[in-house]
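*Asks:* 3D model of this:
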Amino acid sequence: MPNVEDFTGKSGRHETREEQLDRNWAELLQELRVLQTGVQILAGFLLTLPFQQRFEKLDGFQVTLYLVNVVIAALTTAFILLPVSVHRRLFRQRLKETLVSSADTITKLALAGVGMLSVGTAALVFDVTAGRAAGLTAGGILLAVLLVLLVLVPLRLNRRARVR
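*Replies:* Numbering: from 1, shown residues only. Purely as a prediction, here's the structure:
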């Protein structure tokens, strides 16, 4: 028999609010691990470019796009690390709800950063290898696809779930 503090959330689970927050925190950390790997791969790729002979042949637009990508990679890395920093600051202060809520927002920002980094990196690679028009086209198409996948699909699934 569940104790008086147990409640059934939208998921149908019988867990206390603390158990739910602990589960949500663990799920957020797992999502951040996935994001971190993607950012590390893209950032590592970007950091090797200046050491390539062809880098000196980049035009002003390509160098600017490269530097913007490096800044996005650094900021996205910071967003991925931020929940850990917040956790360290809020540890043992009984602020788990604040931690989970802020980490949720931060994770959404990190996800947006990964999307922008993917678009920028693809645009740069296509620009350098196939020309400016190909770079802008590839970047634009990837941006549209990522907006559909990362924004519209979750919104649609959320609306569909609420109707049921």
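*Asks:* all contacts plus neighbour counts: C-alpha atoms, from now on.
*Replies:* OK.
*Asks:* any chance you could map the strands in the protein?
*Replies:* 7-8, 14-15 (DSSP state E).
*Asks:* Mean pLDDT lowest where, among those strands?
*Replies:* Among those, strand 7-8 has the lowest mean pLDDT, at a mean of 52.
*Asks:* What segments of the chain are helices?
*Replies:* Taking DSSP state H, the helices of the chain run over residues 17-48, 60-90, 96-130, 132-147, 153-163.
*Asks:* mind listing what's buried in the longest one?
*Replies:* When burial is assessed from 16 or more other C-alpha atoms under 10 Å, helix 96-130 yields the following buried residues: 96-97, 99-100, 103-104, 106-107, 109-128.
*Asks:* Pass me the low-pLDDT residue ranges in the protein, would you?
*Replies:* Under the criterion pLDDT under 70, the flagged ranges of the chain are 1-12.
*Asks:* Any idea which of the helices of the chain gets closest to Arg54?
*Replies:* Nearest to Arg54 among these is helix 96-130; the distance by C-alpha to C-alpha comes to 9.3 Å.
*Asks:* For that closest one, what is the distance to the chain centroid?
*Replies:* Chain-centre distance of helix 96-130: 4 Å, with C-alpha atoms, centre = their mean, to the nearest Å.
*Asks:* Just list what that helix packs against, helices and strands only.
*Replies:* The contact analysis (3 or more C-alpha pairs under 8 Å, 6 or more residues apart in numbering; DSSP states H and E) places helix 96-130 against helix 17-48, helix 60-90, helix 132-147.
*Asks:* I'd like these laid out as TSV, including distance to Arg159 and mean neighbour count.
*Replies:* Shown next, in TSV, are these (distance: least, C-alpha to C-alpha, whole Å; neighbours: other C-alpha atoms under 10 Å):
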stretch	distance to Arg159	mean neighbour count
helix 17-48	21	15
helix 60-90	28	17
helix 132-147	17	17
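*Asks:* Distance to Val153 added to those, as JSON lines?
*Replies:* JSON lines is the format used below for the helices and strands packed on helix 96-130 (distance: least, C-alpha to C-alpha, whole Å):
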{"stretch": "helix 17-48", "distance to Val153": "18"}
{"stretch": "helix 60-90", "distance to Val153": "22"}
{"stretch": "helix 132-147", "distance to Val153": "9"}
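*Asks:* looking at those helices, which is closest to Asn158?
*Replies:* helix 132-147 (15.7 Å).
*Asks:* List the contacts of that closest one.
*Replies:* With contacts defined as C-alpha atoms under 8 Å, 6 or more residues apart in numbering, helix 132-147 is touched by 115-116, 119-120, 122-128.
*Asks:* hang on, the earlier thing: what would the helices of the chain look like in TSV with distance to Arg54?
*Replies:* Formatted as TSV, those follow (distance: least, C-alpha to C-alpha, whole Å):
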stretch	distance to Arg54
helix 17-48	12
helix 60-90	12
helix 96-130	9
helix 132-147	16
helix 153-163	39
